[in-house]
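**Q** Sharing a model that was predicted from the sequence below.
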Amino acid sequence: MNCIIKWSALIICLTGAICTSMNVTPINVYLLNVGALLYLIWSIRVRDINLIIVNAGMLVIYGSGTVYRLLGY
């Protein structure tokens, strides 16, 4: 199961990065949120503190962008 979560997160994050580079919005923000969430789940499952902190931070940043976009700013 860990392997599926990790590789799914990788594919989703890369797709989000491609969408960002091609200015495909707002799907890029949503993909990056899902990817960061999956990586956070995976890092908690493997108990890697460094990855937990990085991915939790990314999720907060991407989540803030999503809220910002949804509020119309």
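**A** Received it, and whenever you're ready, just let me know what you need.

**Q** residues near residue 68, how many?
**A** Residues within reach of residue 68, counting by other Cβ atoms under 10 Å, total 11. Heads up, the C-betas are built off the backbone N, CA and C, glycines and all.

**Q** Now it: which helix or strand?
**A** helix 49-70 (DSSP states H and E).

**Q** If you count contacts, what does that helix end up packed against?
**A** helix 27-46 (3 or more Cβ pairs under 8 Å, 6 or more residues apart in numbering; DSSP states H and E).

**Q** Run the angle between the helix it packs on and helix 49-70 for me.
**A** 150 degrees (axes from the mean of the first three to the mean of the last three Cα atoms, to 10 degrees).

**Q** For helix 27-46, list every residue counted as buried.
**A** Applying a neighbour-count criterion of 16 or more other Cβ atoms under 10 Å, one finds 28-40, 42-43 buried in helix 27-46.

**Q** same question, stretch 50-65
**A** If you call a residue buried by 16+ other Cβ under 10 Å, then stretch 50-65 has these buried ones: 52, 55-56, 58-59, 62, 65.

**Q** can you redo those residues as JSON lines with distance to residue 71 and pLDDT?
**A** Below are these laid out as JSON lines (distance: Cβ to Cβ, whole Å; pLDDT from 0 to 100):
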{"residue": "52", "distance to residue 71": "28", "pLDDT": "96"}
{"residue": "55", "distance to residue 71": "24", "pLDDT": "92"}
{"residue": "56", "distance to residue 71": "22", "pLDDT": "95"}
{"residue": "58", "distance to residue 71": "20", "pLDDT": "90"}
{"residue": "59", "distance to residue 71": "18", "pLDDT": "91"}
{"residue": "62", "distance to residue 71": "15", "pLDDT": "86"}
{"residue": "65", "distance to residue 71": "11", "pLDDT": "82"}
